[in-house]
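Asks: just the structure for this:
(2 chains)
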Amino acid sequence: MKLLTHNMLTSKCMKAVTVGYPLGINASDVRVSEVDFNPDFIAKIIPKVDWAVLWNAAESIGQLEGLPKDIVENYENDHDFLKKAHHVLLEVDIINGELICPETGRKFPISNGIPNLLLNEDEV
Amino acid sequence: MDVDSESTATSIDENTENFCDNPTRDTLAEGLMGLIKPTVDQLDERVRATRISQLELKQCIEALCEELKKIGESQQTGVDLDNYVKKLINAKQRVTVLSNILQNVQDRLNKVHASIEKETPVMLLTTPDYDLSDYPQVYEPGEDTFLFLDALEMEVDFLRSIKPKFAVEIGSGSGVVIAALEAILENSCAYFATDINPEACAATANTSLLNGACVDCVNMDLLGGFKRNLFDLILFNPPYVVTESEEIAGFGLNRAWAGGVNGREITDRLLFNLDNLLASGGVCYMVLLKQNNIQEVRSIMHKNKFNTELVVDRRHRGEHLYVVKFTRFF
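Replies: Numbers count the residues shown, from 1 in each chain, chains lettered A, B, ... in the order given. Alright, predicted model coming up:
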């Protein structure tokens, strides 16, 4: 699971959960792999990313690699910034661990890079 | 379906290296066309020449027949030439038959020619590589899958024009559809896949890897675990087979096809929620079966302020399948 994906996931479909965002991360196995860098694409998705959530997630698993806490001005033309964002969004993969619902503490296992967000009938 | 999977087998090496940006494949395709076209041209020319000489032969035989008849008539006492005349008439008939065959061959060649002319500029979307031998509980790509791939190929220009940033396939199964989408849009988009079957998520991840794609998979029911209004593009080949409601249960292979009442129970859950899932300007493509009552789907979607557009349809062994596209009213 990439941190971009984590940025988009919520546990709100559980009953009694109102926001369910952001999910906590407990990572036991993190892998970094190179992904093609497309600066235009990264610049386009930054407005869609919850930056604070991304930063906290990267920090919690020790993968900040110099990512600024706030989005810099004129980031569209800041190659260095875009490269760091690219790395954290797409190149860091959580292979094993768990996601944690912020409201109920329900844990969702991540195994072989795939989070399991399936709910039991009594949770929906 | 066999043809599709066979055709990819020839380029496995190139595809595993880098499916998205594959100059080798394009060069190969150009090279093949370069080889085939002159051969077809040459064949065409020779068939034409043969036909002309056949016609000449036919005329000569006719002339000979006439001559023989005249000789026969003027020399009543001479040799009986009737037998030879009959033989020649037989020969003439054979030439006519051959000539018809050649005509057919030439017609077919003309068609091949026309389709080569048509195919050359079109992008050739090959079926992504997949290997489900470790994933027995995953739906093997079938006619519905290939129709969906054809629909994507037909929509290439449109898909590129809307510049999607986030694309997701729901119920990705083997993962060939989302991998094919990545082959079209390359690294201008982020790709996600969900499936209710954990084994299907693993299969999709494996297919993504095999094709050098970058699809992130999450095991969930539809898009229930994602925030609202994220996706610019949603692809869904749902379980559309008309079954009893009870068959929609568990997380196994049955979830790949069992669609409950009208084959629409799962489809409707997504459609009624589509407005909350698509980003503004987002588009959803879906496979439907004739029995799913497409007219009704269209009117439901109209009430929800979506247009329903038919992309392609195909009949195969009693199944009449459609790929439709839903876009918001302006």
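Asks: OK, contacts around B:Gly72?
Replies: Taking C-beta atoms under 8 Å, 6 or more residues apart in numbering or on different chains, we find B:Gly72 in contact with B:78, B:80-82, B:85. No exception for glycine: its C-beta is placed from N, CA and C like everyone else's.
Asks: where does it fall, secondary structure wise?
Replies: Secondary-structure element containing B:Gly72, defined by DSSP states H and E: helix B:23-74.
Asks: how about the residues of chain A near chain B?
Replies: For chain A, the contact set with chain B under C-beta under 8 Å from any C-beta of the partner chain comprises A:1-2, A:4-5, A:8-11, A:13, A:21, A:35-36, A:38, A:40-41, A:44-45, A:48, A:90, A:112-119.
Asks: helices along the chain, start to end?
Replies: All of this is about chain A. Applying DSSP state H to chain A gives helices spanning A:3-8, A:39-45, A:51-60, A:79-86.
Asks: meant chain B, my bad for not saying
Replies: In chain B, the helices defined using DSSP H lie at B:2-9, B:12-17, B:23-74, B:82-119, B:143-154, B:156-161, B:176-185, B:198-210, B:265-271, B:274-277, B:294-303.
Asks: now the ones you listed in a markdown table, with distance to A:Val30 and mean pLDDT?
Replies: Converted to a markdown table, the helices of chain B look like this (distance: least, C-beta to C-beta, whole Å; pLDDT from 0 to 100):
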| stretch | distance to A:Val30 | mean pLDDT |
| --- | --- | --- |
| helix B:2-9 | 33 | 39 |
| helix B:12-17 | 25 | 40 |
| helix B:23-74 | 34 | 84 |
| helix B:82-119 | 46 | 82 |
| helix B:143-154 | 33 | 95 |
| helix B:156-161 | 33 | 95 |
| helix B:176-185 | 24 | 96 |
| helix B:198-210 | 17 | 97 |
| helix B:265-271 | 33 | 95 |
| helix B:274-277 | 29 | 96 |
| helix B:294-303 | 42 | 95 |
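Asks: returning to that earlier point: please identify the most buried of the helices of chain A.
Replies: Neighbour counts averaged per stretch over those are highest for helix A:3-8, at a mean of 23; criterion: mean count of other C-beta atoms under 10 Å in any protein chain shown.
Asks: quick one: contacts of stretch A:18-29?
Replies: Taking C-beta under 8 Å, 6+ apart as the criterion, the residues outside stretch A:18-29 that touch it are A:6-7, A:9-14, A:50, A:53, A:56-57, A:60-61, A:94-103, A:107-108, A:110, B:227.
Asks: so which of these belong to strands?
Replies: Within these, membership in strands is found for A:94-100, A:107-108, A:110, as judged by DSSP state E.
Asks: relative to B:Thr24, which of those residues is nearest.
Replies: When those are ranked by distance to B:Thr24 (C-beta to C-beta), A:Ile95 comes first, at 31.1 Å.
Asks: let's see the pLDDT reported for the residue lying closest to the closest one once chain neighbours are set aside.
Replies: Closest residue to A:Ile95 apart from its sequence neighbours, by C-beta to C-beta, 6 or more residues apart in numbering or on different chains: A:Asp29 at 4.2 Å. For A:Asp29, the model assigns a pLDDT of 97.
Asks: domain ranges for chain B?
Replies: Per the record's domain assignment (automatic domain parsing), chain B is made up of the domains B:23-119, B:143-328.
Asks: which one of these has the most crowded surroundings?
Replies: Most buried of the domains of chain B, by mean neighbour count (mean count of other C-beta under 10 Å): domain B:143-328, with a mean of 20.
Asks: re earlier: now the contacts of B:Gly72 as TSV including distance to chain A?
Replies: As requested, the contacts of B:Gly72 are arranged in TSV below (distance: C-beta to the nearest C-beta, whole Å):
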residue	distance to chain A
B:Gly78	91
B:Asp80	87
B:Leu81	84
B:Asp82	83
B:Val85	79
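Asks: now for those, which pair is the farthest apart?
Replies: Greatest spatial distance among those (C-beta to C-beta): B:Gly78 and B:Val85, at 13.4 Å.
Asks: and B:Ala180, what does it touch?
Replies: B:Ala180 sits next to B:125, B:127-128, B:149, B:152 when contact means C-beta under 8 Å, 6+ apart.
Asks: the residues you listed: which ones sit near chain A?
Replies: With the criterion set as C-beta under 8 Å from any C-beta, no member of these is near chain A.
Asks: closest one to B:Leu321 out of those residues, please.
Replies: Looking at the contacts of B:Ala180 and their distance to B:Leu321, the nearest is B:Leu149, at 12.4 Å (C-beta to C-beta).
Asks: against B:Ala249, how distant is that closest one?
Replies: 29 Å (C-beta to C-beta, to the nearest Å).
Asks: could you do B:Val323 as well?
Replies: On the measure of C-beta to C-beta, B:Val323 and B:Ala249 end up 27 Å apart.
Asks: with B:His316 instead?
Replies: Using C-beta to C-beta, which is the criterion applied here, B:His316 is 28 Å from B:Ala249.
Asks: check B:Leu209 too.
Replies: 31 Å.
Asks: got it, and B:Asn304?
Replies: B:Asn304 is 28 Å from B:Ala249, by C-beta to C-beta.
Asks: output stretch B:278-288 as PDB, nothing but the C-alphas.
Replies: Extracted in PDB, the C-alpha atoms of stretch B:278-288 (Å, rounded to 0.1, in the frame of the first residue of the first chain):
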ATOM      1  CA  LEU B 278     -16.900  10.300  -9.000                       C
ATOM      2  CA  ALA B 279     -14.800  13.500  -8.900                       C
ATOM      3  CA  SER B 280     -16.300  16.400 -10.800                       C
ATOM      4  CA  GLY B 281     -16.000  15.600 -14.500                       C
ATOM      5  CA  GLY B 282     -15.600  11.900 -13.600                       C
ATOM      6  CA  VAL B 283     -16.700   9.100 -15.900                       C
ATOM      7  CA  CYS B 284     -17.700   5.500 -15.100                       C
ATOM      8  CA  TYR B 285     -17.600   2.600 -17.600                       C
ATOM      9  CA  MET B 286     -19.600  -0.600 -16.800                       C
ATOM     10  CA  VAL B 287     -20.300  -3.900 -18.400                       C
ATOM     11  CA  LEU B 288     -24.000  -4.800 -18.500                       C
END
